[in-house]
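A.B. asks: here are the coordinates; sequence isn't available:
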């Protein structure tokens, strides 16, 4: 972790226009993403804003499946998909400030291999659409390129925990963004 960095979706504040809709989408490839594995949460997505309850989008994005049941996101290693969830209107006031924190956990509960291209928070008002992206071009919110690196060549970004762990016969890559 980078000590003084803060992981957030950043965009211009929305002071007076009504918010018509908002979505969170993730462009992901090769993910076999059970929500739970042996009782532990393996895939989750939560948006955070000061003064508001956390918005847990985990079930909408990943379902409720537990390994070995088939997951909602079930992609072969050569498949990609954009998964998404609509944000409820009670969270729209939290979006007005232009700074939304997050806690994301991505794990492949199959072969442990997947790719994460970008995460997009999209907010639609009557006059325009705001897209706030997290992805490799922005170092997943860490700032300017080149991205900081771990020993194994993986990005060490604020709110992104990357680790490899084994559960008996099942390797799992875990990516936590928060």
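C.D. replies: Done, it's in. Remember, predicted model here, so these are calculated numbers, not experimental data.

A.B. asks: buried sites along stretch 41-52?
C.D. replies: By neighbour count on 16 or more other CB atoms under 10 Å, the buried set for stretch 41-52 is 42-45, 47-49. Quick note: C-beta positions are derived from backbone N, CA and C, even for glycine.

A.B. asks: which among the residues you listed gets closest to residue 110?
C.D. replies: residue 42 (10.9 Å; CB to CB).

A.B. asks: where's that closest one relative to residue 67, distance?
C.D. replies: Note on residue 42: its distance to residue 67, by CB to CB, to the nearest Å, is 8 Å.

A.B. asks: joint contacts of these two?
C.D. replies: With contacts taken as CB atoms under 8 Å, 6 or more residues apart in numbering, residue 42 and residue 67 have 34, 36, 109 as neighbours in common.

A.B. asks: which of the residues you listed tops the neighbour count?
C.D. replies: residue 34 (27 neighbours; other CB atoms under 10 Å).

A.B. asks: Model confidence score at that residue, please.
C.D. replies: Reading off the confidence values, residue 34 has pLDDT 94.

A.B. asks: ok, it - contacts?
C.D. replies: 42-43, 62, 65-67, 69, 71, 109.

A.B. asks: which ones among those are found in helices?
C.D. replies: residue 62 (DSSP state H).
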